[in-house]
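Asker: the following comprises the amino acid sequence and a computationally predicted model.
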Amino acid sequence: MATTRAIKLRVNGADYEGTAEARKTLVDFLREDLGLCGTNIGCEHGVCGACTILMNGETVRSCLMLAVQAEGAELMTVEGLAKATGELHPIQEAYREKHGLQCGFCTPGFLMTTYELLQKNPDATVDEMKEWLSGHLCRCTGYQDILESVKLAASRLRGE
Amino acid sequence: MKPARFDYYDPRSLEEALELLQKHQADSKILAGGQSLMPLLNMRLARPKVIVDINRIDGLNSVKSWNGGISIGARVNQRALEREKQVAERLPILREAAQHIGHPQIRSRGTVCGSLAHADPAAELPALALALDAEFVATGPKGARTIPSDSFFVSYFTTSLEPNEILTEVRFPGSPKGMAWSFLEISRRHGDFALAGVVAGLAVDPGRRSITGARLVCFGVGPTPVRVKEAEEALIGQPAGEKSFHAAAEIVSRGVDPDNDVHASADYRRSVAGTLVRRALLQVWQKLGGK
């Protein structure tokens, strides 16, 4: 039993260590303890998708996990997309070109979902894209531009 | 920091987990995928003193063949229903219905057993378990017992599991020979909990004339998933087709007793339940080669 624990994990290929109360959510730990503030916190009950990250290669809601549960896990957050030189990932480029964002609050989550979808299914159909994007809320774009961004990212990643 | 303070345990064995539950009883909560429990903790609607996280327990994470169907361990996530070959081969209806459970980002963590133990009356898996005659393996300090699906769901968010028991496995038997299935639900947004939904099973004689078996389970229309036996019985012996399906739908609309809430009125839910039953039966009938 412990109310506070040491946590070791990998995020975007780098090792991190920290200490957290057991009740601390993973998203709070990423932002407050590891200083990775790219992941946003929206509804905090799994509905909005803003806090979506990759854990061991699969998208998860980081507000619906305790930080202690990520002990030993391999995470990827939005900070892991662009190169260290600042060059954007093709998915980010596509969102920029197709106006897949306005205020940008929901964008980190959308990007991570797009990343997992196109990694696993480079030839995703429009219906599959919609099914995956349905796990995210955006109050600005009306979604159509996001869909166009995913389509463009998919064709670029396929080398078209 | 959203959740209230709790003591956190992540035991490495089932025995250890059971000891913790035995000691802390109703003060404790089991954490598996967390897709229902974590929102309750974050909003402080639940304030358990003790969290028993079962994610570090070896085992409990396999999908196995069982009795022509499949058994699913406590830690198996809902994506497994889409991923596992055995599910697609033996009980394709589970795979079809899984796409209605939350979103891919939820199904990556949410577990099959967790959703069943949570027993949200508008959730998909409890209705599937009831329709498919699943059995539940509850493991407690004295060992395991098996609970049939018709006595597992007690009321809203309430099952016959004891506070010192873990739902270690759910077993879905193979579908009866000749039975085909359909799953439909209506929700405001894709991935939301259903306003109403239905799992429908149908079997017809080899000449594809009359109905020899029927199973109708509705959800979102009462405190637990509801099997409408009267409508099933009305179908037996009837010729498959729009007329008999319509009659069954009428019985369902009359027979279910949903609540009014902010999402939909009771009348609307009754109407939707009937309509979905009719559509689902037509869909199964098509799967069976009917027109």
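Answerer: Arrived safely, thanks for sending.

Asker: who in chain A is up against chain B?
Answerer: Within reach of chain B by C-beta under 8 Å from any C-beta of the partner chain, chain A has these residues: A:1-3, A:5, A:21-25, A:28, A:44-46, A:49, A:52, A:55, A:58-61, A:63-66, A:68-69, A:113, A:116-117, A:131-132, A:134-135. Where C-beta positions appear, they are placed from N, C-alpha and C, glycine not excepted.

Asker: mind doing that once more with 6 Å?
Answerer: Neighbours of chain B within chain A, by C-beta under 6 Å from any C-beta of the partner chain: A:1, A:22-23, A:44-46, A:52, A:58-60, A:64, A:132, A:134-135.

Asker: among the residues you listed, which lie within strands?
Answerer: Those of the residues of chain A next to chain B mapping onto strands are A:Thr52, A:Glu58, A:Thr59, A:Val60, per DSSP state E.

Asker: got CSV for these, with neighbour count, pLDDT and distance to B:Leu94 too?
Answerer: Output for these, formatted as CSV (neighbours: other C-beta atoms under 10 Å in any protein chain shown; pLDDT from 0 to 100; distance: C-beta to C-beta, whole Å):
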residue, neighbour count, pLDDT, distance to B:Leu94
A:Thr52, 33, 98, 25
A:Glu58, 16, 98, 20
A:Thr59, 28, 98, 22
A:Val60, 29, 98, 22
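
Asker: for those residues, work out which two are farthest apart.
Answerer: The largest separation in those, counting by C-beta to C-beta, is between A:Thr52 and A:Glu58 at 10.4 Å.

Asker: what about residue 155, neighbour count?
Answerer: If you meant another chain, say so; for now it's chain A. As a burial measure, A:Ser155 scores 13 neighbours (other C-beta atoms under 10 Å in any protein chain shown).

Asker: looking at chain B here, not the other one
Answerer: Residues lying near B:Ser155 (other C-beta under 10 Å) number 11.

Asker: and for the one 10 residues further on?
Answerer: B:Glu165 is flanked by 24 other residues according to other C-beta under 10 Å.

Asker: coming back round to it: in a markdown table: the ones in strands among the residues of chain A next to chain B, plus distance to A:Arg158.
Answerer: Formatted as a markdown table, these follow (distance: C-beta to C-beta, whole Å):
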| residue | distance to A:Arg158 |
| --- | --- |
| A:Thr52 | 23 |
| A:Glu58 | 22 |
| A:Thr59 | 21 |
| A:Val60 | 26 |
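
Asker: of these, closest to B:Lys64?
Answerer: A:Glu58 (22.2 Å).

Asker: residues contacting that closest one?
Answerer: Contacts of A:Glu58 were listed using C-beta atoms under 6 Å, 6 or more residues apart in numbering or on different chains, and they are B:Ser108.

Asker: name whatever forms a beta bridge with it.
Answerer: A:Met55 (DSSP bridges).

Asker: spell out which residues of the stretch 51-200 of chain B are next to chain A.
Answerer: So the stretch 51-200 of chain B meets chain A at B:His103, B:Pro104, B:Gln105, B:Ser108, B:Arg109, B:His190, B:Gly191 (C-beta under 6 Å from any C-beta).

Asker: these, buried ones only, as a PyMOL selection?
Answerer: Buried residues within these, by 16 or more other C-beta atoms under 10 Å in any protein chain shown, are selected in PyMOL with:
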select buried, chain B and resi 103+104+105+108+109+191
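
Asker: helices - which of the residues of the stretch 51-200 of chain B next to chain A land there?
Answerer: Residues from those lying in helices, with DSSP state H as the criterion: B:Pro104, B:Gln105.

Asker: quick check: the two most widely separated of the residues of the stretch 51-200 of chain B next to chain A?
Answerer: For those, the farthest-apart pair by C-beta to C-beta is B:Arg109 and B:His190; their separation is 18.9 Å.

Asker: find the nearest non-adjacent residue to the residue in the stretch 51-200 of chain B positioned nearest to chain A, please.
Answerer: Proximity to chain A, evaluated over the stretch 51-200 of chain B using C-beta to the nearest C-beta, is greatest for B:His103 at 3.0 Å. Of all residues not flanking B:His103 in the chain, A:Gly135 sits nearest, at 3.0 Å (C-beta to C-beta, 6 or more residues apart in numbering or on different chains).

Asker: again with A:Phe29
Answerer: Closest to A:Phe29 by C-beta to C-beta, 6+ apart is A:Ala67, at 3.5 Å.

Asker: same check on A:Met65?
Answerer: Of all residues not flanking A:Met65 in the chain, A:Leu26 sits nearest, at 4.3 Å (C-beta to C-beta, 6+ apart).

Asker: could you pull up the residues touching that neighbour?
Answerer: A:Leu26 makes contact with A:Ser62, A:Met65, A:Ala67, A:Ala70, according to C-beta under 6 Å, 6+ apart.

Asker: how many neighbours does the last one have?
Answerer: Spelled out, that is A:Ala70. Using other C-beta under 10 Å, A:Ala70 has 25 other residues around it.

Asker: per-residue confidence at it?
Answerer: pLDDT, A:Ala70: 98.

Asker: my read: it touches A:Val11, true?
Answerer: No - using C-beta atoms under 6 Å, A:Ala70 is not in contact with A:Val11; the gap is 9.0 Å.

Asker: can you count the residues close to the residue nearest to B:Ser115 when sequence neighbours are not counted?
Answerer: Once flanking residues are discounted, B:Ser115 sits nearest to B:Leu125: 4.4 Å by C-beta to C-beta, 6+ apart. Counted with other C-beta under 10 Å, residues neighbouring B:Leu125 total 28.

Asker: figure out the helix or strand that B:Leu125 lives in.
Answerer: Per DSSP states H and E, B:Leu125 falls inside helix B:124-131.

Asker: and that helix, what does it pack onto?
Answerer: Helix B:124-131 sits against helix B:112-118, strand B:196-204, strand B:211-219, with contacts defined as 3 or more C-beta pairs under 6 Å, 6 or more residues apart in numbering or on different chains; DSSP states H and E.

Asker: quick one: closest of these to B:Pro92.
Answerer: Of the helices and strands packed on helix B:124-131, nearest to B:Pro92 by C-beta to C-beta is strand B:196-204, at 12.4 Å.

Asker: pull the distance from that closest one to the chain's centre.
Answerer: 14 Å (C-alpha atoms, centre = their mean, to the nearest Å).

Asker: output stretch A:45-55 as CSV, nothing but the C-alphas.
Answerer: In CSV, the C-alpha atoms belonging to stretch A:45-55 read as follows (Å, rounded to 0.1, in the frame of the first residue of the first chain):
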residue,chain,number,x,y,z
HIS,A,45,-14.1,12.0,-17.8
GLY,A,46,-13.1,10.5,-21.1
VAL,A,47,-15.6,12.1,-23.3
CYS,A,48,-13.8,14.9,-25.1
GLY,A,49,-10.5,13.2,-26.2
ALA,A,50,-8.3,16.2,-25.7
CYS,A,51,-5.9,14.2,-23.4
THR,A,52,-5.5,11.3,-25.8
ILE,A,53,-2.0,9.9,-25.9
LEU,A,54,-0.4,6.6,-27.0
MET,A,55,0.4,4.0,-24.4
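
Asker: cool, thanks, talk later.
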